[in-house]
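In: sequence and predicted model, in that order:
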Amino acid sequence: MKLIVLKKGEKKVIPALLEDSQKRIDVDLVGDGAEVEIVGLVLGKDADDKAMEVFITHSAPRTKSKVNVRAVLRNKSTFAFRGNVKIEKGAKGADAYLRSDVLLFDEAKMGDDTPALEILERDVKAGHAATVGKVDEQMLFYLMSRGLARKQAEKLLIEGFVNPIRDKMKELNGQD
Amino acid sequence: MADAIPVNDYKYGFSKPENYVFKAKRGLDRSVVEQISSMKSEPDWMRVLRIKALEIFGKKKMPAWGADLTSINFDNIFYYIKPTDNQKSDWRDLPKEIKDTYDAIGIPEAERNLLAGVTAQYESEAVYHSFQKKWEEMGVIFCDMDTALAKYPDIVKSYFGKSIPAADNKFAALNSAVWSGGSFIYVPKGVKVDIPLQAYFRINAANMGQFERTLIIVDEGAYVHYVEGCTAPVYSTDSLHAAVVEIFVKKGARCRYTTIQNWSNNVYNLVTKRAFVSEDGVMEWVDGNLGSKITMKYPSCYLVGRGARGEILSLALAGSGQHQDAGGKLMFLAPDTSGEIISKSVSVGTGRTSYRGLVKIIKNAERVKCNVRCDALIIDEESRSDTYPTMEVAEDNVQIGHEASVSRIGEEQLFYLMSRGLSEADATSLIVNGFIEPIVKELPLEYAVELNRLINMSMEGSVG
């Protein structure tokens, strides 16, 4: 694990395709206006036991962080997500958003999903959101009412769930 | 503490002379525990339970997470104080100091107007109790825990420590060893107690430890609303309040438990509260934390029966020198259970609020629906706010959502209100009151009024 330090005005998008079982990302936003975006995708199958940890520290004004992790877990796979965003005193105008969405199938488990925020500065915008569950029954019903088989409809919805993240990753790889 | 919510604004901060019947020595050892048990003439099983709990307390470590508890000095605390020789059922019979205290808090009046029953606990013992005949005739039992142990030993024995055993955590062990007072409520099948039962907890002595123990059993199809309020004098040294509350909600029953915790800013408030909810039962915690130096409290619902529901409404207000580490736990242990946690916190001055929550869903708890929403408002430069939500989900057929936001009061909002002629402090109060409104509207009226007054008070001098 290495610490990523972003200085004044630096912007970085970090793709996190969790192929290994463990991943930890540490980012320090130390310069005015530094921005980080983390896009994570986790596809769990069989007896995979995966974990992702993200630690972001905002220590300068007008810094921005956005974390968007999506996971599709099948079979007996397990995933744990621990996000920790800390906004230090003096990081005025900081903007942080932490989000995890997980689709569960079969015997899969969301082991521990903790998107934590620690905020020591008042002049900030910070939020997080998390969802865990199956594909939306109403959307499934709609697609099935249009003549799709359940399996097909499910597949379509999963693609819709995964693709925005996957596209973002492709885009990033293209840049490199 | 100098810039805390000004001490003279905390209107319950007075103390009264101690004319007590008995005060145990400072500190805790086996002899203190034996003494408490023998003064209460308890059955032997309870004495044994206390001694075992004391051993567990000695072995358990302090929690390694949460608020900073390092400055609690267990040797400096009085674990048992008996203020009067027996319990009264008429306010006029209470010693003057105690009567004046409750008059100042406004309880006799509230009782006359709004309540089905009242217990007032002063230090370690319930000194006053009243209960309307009507409910007694319907088989409802409402008394203090010591009386319950003497009069209904079988019921107490079969539920005591069954949802929160002594080994649950260090402070549950401490409570099990030295508990005194607290409420016991039993509501028989189908009986709906439609006006609240209320308890008032008061610490008066310095370095006092209050360890009340509450047990509520709501039988099938029954309903009860229990309200507790807590206040204490302001001292320069610390006091400790470590309560345990166990609730059993039977099939189709509903229980609402409302707390307005307004301890003075020198009280450590470390409380374990848990409800077991059976089939189609509903448990609602309305947990307001306004006072204390440090609070660590996470009321929980163990949804053990199909279709059970748990709701936790948590409100925290931390002024300077205060840390409110509060939240809730929902354990989904059966199919078709549902739950919701709504938390609103406001930090002012150097105050710190932390939302800490757990949502756990076991395998085969199918069709669980759970929603968590926590919002925090940071008022001042020095204020701090944290959110530590944890979810563990082992079942795929569920719908779980969590959302949180942290914000300050918007300049535009302030500007708008001030352009309408409000002062900055008034405008801030108005916005804060709007922010916490979803929880305040669930409180009994006299508390809602009191809460608004408190908010207005703590906003003054903090802004501008």
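Out: On my side now, so go ahead.
In: enumerate the residues of chain A near chain B.
Out: Taking Cβ under 8 Å from any Cβ of the partner chain as the criterion, the neighbours of chain B within chain A are A:102, A:104-134. Just so you know, the C-beta spots here come from the backbone N, C-alpha and C atoms, and that holds for glycine as well.
In: switch to 6 Å and redo it
Out: With Cβ under 6 Å from any Cβ of the partner chain as the criterion, chain A comes near chain B at residues A:104-105, A:109-110, A:112-114, A:116-120, A:122, A:126-134.
In: residue A:49: neighbouring residues, count only.
Out: Residue A:49 sits with 15 neighbouring residues when counted by other Cβ atoms under 10 Å in any protein chain shown.
In: which residue sits closest to it, ignoring its sequence neighbours?
Out: residue A:78 (4.9 Å; Cβ to Cβ, 6 or more residues apart in numbering or on different chains).
In: where does the one you found land on pLDDT?
Out: Per-residue pLDDT puts residue A:78 at 94.
In: residue contacts, it?
Out: A:49, A:109, A:111 (Cβ atoms under 6 Å, 6 or more residues apart in numbering or on different chains).
In: measure it to residue B:397 for me?
Out: For residue A:78, the distance to residue B:397 equals 17 Å [Cβ to Cβ, to the nearest Å].
In: if the residue sitting nearest the centre point of chain A is in a bridge, with which residues?
Out: Centroid-nearest residue in chain A: residue A:69, 1.7 Å away (criterion: Cα atoms, centre = their mean). Assessed by DSSP bridges, residue A:69 has beta-bridge partners residue A:40, residue A:100.
In: ok, now residue B:345?
Out: Where residue B:345 sits in a bridge, its partners, by DSSP bridges, are residue B:316, residue B:376.
In: residue 28: which element?
Out: Going with chain A. Take DSSP states H and E as the rule and residue A:28 turns out to sit in strand A:22-29.
In: other SSEs contacting that strand?
Out: Where contact means 3 or more Cβ pairs under 6 Å, 6 or more residues apart in numbering or on different chains; DSSP states H and E, strand A:22-29 is packed against strand A:3-6, strand A:49-58.
In: what's the offset of it from the middle of its chain?
Out: Relative to its chain's centre, strand A:22-29 lies at 12 Å (Cα atoms, centre = their mean, to the nearest Å).
In: neighbouring strands of it in the sheet, and parallel or not?
Out: Counting by DSSP bridges, strand A:22-29 is paired with strand A:3-6 (parallel), strand A:49-58 (parallel).
In: which residues in chain B form helices?
Out: Assigned by DSSP state H, chain B shows helices spanning B:30-39, B:44-59, B:96-105, B:107-114, B:133-137, B:145-151, B:153-159, B:170-178, B:411-419, B:424-440, B:445-459.
In: what's the most buried one of the ones you listed?
Out: Ranked by average neighbour count under the criterion mean count of other Cβ atoms under 10 Å in any protein chain shown, the helices of chain B are headed by helix B:170-178 at a mean of 26.
In: in strands, which of the residues of chain A next to chain B fall?
Out: Among the residues of chain A next to chain B, the members falling in strands (DSSP state E) are A:104, A:109-110, A:112-114, A:116-119, A:126-133.
In: reformat the strands paired with strand A:22-29 as JSON lines; add distance to residue B:266 and mean pLDDT.
Out: Shown next, in JSON lines, are the strands paired with strand A:22-29 (distance: least, Cβ to Cβ, whole Å; pLDDT from 0 to 100):
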{"stretch": "strand A:3-6", "distance to residue B:266": "41", "mean pLDDT": "94"}
{"stretch": "strand A:49-58", "distance to residue B:266": "34", "mean pLDDT": "96"}
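In: tell me which of the ones you listed is the most buried.
Out: Among the strands paired with strand A:22-29, strand A:49-58 has the highest mean neighbour count (mean count of other Cβ under 10 Å), at a mean of 21.
In: okay, residue B:208: pLDDT?
Out: If you check residue B:208, the pLDDT there is 93.
In: understood, closing this out.
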